[in-house]
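Please find the sequence and the predicted model below.
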Amino acid sequence: MITQQRIFGTNSPQESSLGVYNNVGKSKFTPTQPSKQPARSGPRSPRERKFSAAHASAGATNHSNGLGTVKATSPKVIFADADINLHNSTTGIPSIATVKKDVLQSPNSVRNIGNVNNTATNVKAKSIQKNIAAAVSLAGERRMPQELEAKKKENQDSYFVHLDKFPVEIACCGVFDGHGVNGGGVSNFIAQRLPQILKDDACGDSNCNLKESINFAVARTEAELEASAVECAASGSTAVFCVRKGYDLFIANIGDSRCILATEQHYKLLSAKPLSTDHKPNDPIEMHRITSMGGVVQPSQNMAGQFVGPHRVWIRNRPDIGGLAIGRTMGDTAYAAVGVVPTPDIIHHCIDPLKDRFLVLGSDGVWDRLSNDEVISIVSNNLGPKGTDVVKAGKAVASTARARWRAVRQGWYCDDITVCVWLL
């Protein structure tokens, strides 16, 4: 994603990274490994679940495939003054601001979530036939005026794929598109911490409400990010991730990364069903919240004063900070004062084993150049003879998107491209 009016990041070459099954996407910084959250001891109700005791400056172990690292910057903690939690439809969820305070003041404080009901859906089916996933990530490209050909830039996308012990425990996959000077560090931090917090909170509790656990994991990850050494005042990341427990599927989205479902219609034809909505600044809901808090939503302006490009969020009297091309983000703490929030939209989908075939999650490097239907077609045509080659399908989508970028932008620029294919 191009977040600022100018494109930030280094031009150091980055090879494509590939994750299959229980791998986590590339790491771009190497602070200490976060301490594990204490294991559950005996049955506990949701009301008695405790916060993780992870150190505030915890980061991630480097799992990169020969990739470079980014040095963590000095600690910087920025909290929003307002208690922003405008689109949270789950009763009893602690607000972002509340969780941030708890992280610094009392990491082991009890999480009071109120009364929740188990949302598991009963589906009559003998067994889960598949559950295979893989993610493919390609670094973007940029050509400067004095250069004859484009060079690979830093890949600021990250991802995770966790399918271990399924269906005993939850399975989850996610894609994160970083932006800003330190966007790669932010997206990687989230890809490392969010699934760990989510699984520690949700696994082992038969009465767990997954939607409520997702809200908590996002809030906790955001708080730890802001309290860490990862600079995130004007750098951030989108987030789209799916959590599956049996035939219940929850899709959480922040920003403009996307998730779609391939579902079978008449005559065994596959169609694309969107399971997330892009949070663009000019969306009526996003714009109302941002402008009501003093933010400005408009495209960039060129030297002649003409508007160019997509709508962005601007902070008045802050010429040092560019425009943000999404209405919700994790990180980007400077924009919290004008209503840019890390609150996810969460959708529940009951998997139909007779119709639902696979999920595709991707950063906007995919969706800016390929339509939903095109992606479904590419995946279905590249799953191999057995229909399970998710690596080949992911590579096909990524390479097609890259070719489209090169053709449209004439080799001057190609965004980072990350795609995750999950067979249901």
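Thanks, I have it. Residues are numbered from 1 along each chain as shown.

Surely residue 173 is in contact with residue 419?
No: taking contacts as Cβ atoms under 8 Å, residue 173 lies outside contact range of residue 419: 10.9 Å. Every C-beta, even on glycine, is put in place using the N, C-alpha and C of the backbone.

Could I have the CA atoms of stretch 348-366 written out in PDB?
Extracted in PDB, the C-alpha atoms of stretch 348-366 (Å, rounded to 0.1, in the frame of the first residue of the first chain):
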ATOM      1  CA  HIS A 348     -19.100 -14.600  11.100                       C
ATOM      2  CA  HIS A 349     -19.600 -17.200   8.400                       C
ATOM      3  CA  CYS A 350     -20.800 -20.800   8.900                       C
ATOM      4  CA  ILE A 351     -18.900 -23.000   6.500                       C
ATOM      5  CA  ASP A 352     -21.000 -25.100   4.100                       C
ATOM      6  CA  PRO A 353     -18.800 -28.200   3.400                       C
ATOM      7  CA  LEU A 354     -20.900 -28.900   0.300                       C
ATOM      8  CA  LYS A 355     -20.300 -25.400  -1.300                       C
ATOM      9  CA  ASP A 356     -17.500 -23.500   0.300                       C
ATOM     10  CA  ARG A 357     -14.200 -24.300  -1.300                       C
ATOM     11  CA  PHE A 358     -11.400 -22.000  -0.300                       C
ATOM     12  CA  LEU A 359     -10.500 -18.500   1.100                       C
ATOM     13  CA  VAL A 360      -8.100 -16.000  -0.400                       C
ATOM     14  CA  LEU A 361      -6.600 -13.300   1.800                       C
ATOM     15  CA  GLY A 362      -4.400 -10.700   0.300                       C
ATOM     16  CA  SER A 363      -2.800  -7.200   0.600                       C
ATOM     17  CA  ASP A 364      -3.900  -4.500  -1.700                       C
ATOM     18  CA  GLY A 365      -1.000  -5.300  -4.000                       C
ATOM     19  CA  VAL A 366      -3.300  -8.100  -5.200                       C
END
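
Next, the buried residues of it.
Residues of stretch 348-366 classed as buried: 349, 351, 353, 355-366 (neighbour count, 16 or more other Cβ atoms under 10 Å).

Equivalent analysis for stretch 184-194, please.
Per 16+ other Cβ under 10 Å, stretch 184-194 contains these buried residues: 184-194.

what's residue 323 sitting at in phi/psi?
The phi/psi pair for residue 323 (degrees, to the nearest 10) reads phi -90, psi 140.

circling back: show me which of residue 173 and residue 419 is the more surrounded one.
Higher neighbour count among residue 173 and residue 419: residue 419, with 31 against 25, using other Cβ atoms under 10 Å.

Could you report the separation of residue 216 from residue 200?
Relative to residue 200, residue 216 is positioned 10 Å away (Cβ to Cβ, to the nearest Å).

The strand or helix carrying residue 178 packs against which elements?
Under the criterion DSSP states H and E, the helix or strand holding residue 178 is strand 171-179. In terms of contacts (3 or more Cβ pairs under 8 Å, 6 or more residues apart in numbering; DSSP states H and E), strand 171-179 is packed against strand 132-138, strand 157-162, helix 183-202, strand 236-237, strand 239-245, strand 356-362, strand 417-423.

As JSON lines, these with distance to residue 146 and mean pLDDT would be great.
Formatted as JSON lines, those follow (distance: least, Cβ to Cβ, whole Å; pLDDT from 0 to 100):
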{"stretch": "strand 132-138", "distance to residue 146": "25", "mean pLDDT": "97"}
{"stretch": "strand 157-162", "distance to residue 146": "27", "mean pLDDT": "97"}
{"stretch": "helix 183-202", "distance to residue 146": "25", "mean pLDDT": "96"}
{"stretch": "strand 236-237", "distance to residue 146": "31", "mean pLDDT": "98"}
{"stretch": "strand 239-245", "distance to residue 146": "36", "mean pLDDT": "96"}
{"stretch": "strand 356-362", "distance to residue 146": "33", "mean pLDDT": "98"}
{"stretch": "strand 417-423", "distance to residue 146": "26", "mean pLDDT": "98"}
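
closest to residue 316 out of these?
When these are ranked by proximity to residue 316, the top entry is strand 236-237, at 19.5 Å, counting by Cβ to Cβ.

Identify the residues contacting the closest one?
3, 156, 158, 176-180, 183, 186-187, 190, 255, 324, 329-332 (Cβ atoms under 8 Å, 6 or more residues apart in numbering).

Sheet partners, orientation included, of that strand?
strand 171-179 (antiparallel), strand 330-331 (antiparallel) (DSSP bridges).

what sits against residue 326?
1, 3, 238, 255-256, 278-281, 313, 340 are the contacts of residue 326 under Cβ under 8 Å, 6+ apart.

one step back: going by distance to residue 388, which of the buried residues of stretch 184-194 wins?
Using Cβ to Cβ, these come closest to residue 388 at residue 191, 24.6 Å.

Which residue comes closest to that closest one once chain neighbours are left out?
residue 158 (3.9 Å; Cβ to Cβ, 6 or more residues apart in numbering).

go on, residue 354?
With Cβ to Cβ, 6+ apart as the criterion, residue 354 has its nearest non-adjacent residue at 7.7 Å, and that residue is residue 264.

List the beta-bridge partners for that neighbour.
Judged by DSSP bridges, the bridge partners of residue 264 are residue 270.

and the gap between it and residue 375?
Per Cβ to Cβ, residue 264 is found 16 Å from residue 375.

Between these two, point out the one with more neighbours.
Neighbours per residue, other Cβ under 10 Å: of residue 264 and residue 375, the larger number sits with residue 375, 25 against 14.

What's the per-residue pLDDT of that one here?
At residue 375, the pLDDT value in this model is 98.

do the same with residue 93
44.

on that earlier part again, next, the angle strand 356-362 makes with the strand holding residue 178.
Relative orientation of strand 171-179 versus strand 356-362 (axes from the mean of the first three to the mean of the last three Cα atoms, to 10 degrees): 30 degrees.

Now do strand 171-179, average pLDDT.
Strand 171-179 comes out at a mean pLDDT of 97.

Dump that strand to PDB, keeping only the CA atoms.
What follows is strand 171-179, C-alpha atoms only, in PDB (Å, rounded to 0.1, in the frame of the first residue of the first chain):
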ATOM      1  CA  ALA A 171      -6.900 -22.400  13.100                       C
ATOM      2  CA  CYS A 172      -6.000 -19.000  11.800                       C
ATOM      3  CA  CYS A 173      -4.300 -17.200   8.900                       C
ATOM      4  CA  GLY A 174      -3.600 -13.500   8.400                       C
ATOM      5  CA  VAL A 175      -2.100 -10.900   6.000                       C
ATOM      6  CA  PHE A 176      -0.700  -7.600   7.100                       C
ATOM      7  CA  ASP A 177       0.300  -4.700   4.800                       C
ATOM      8  CA  GLY A 178       2.700  -2.300   6.400                       C
ATOM      9  CA  HIS A 179       3.100   1.300   5.400                       C
END
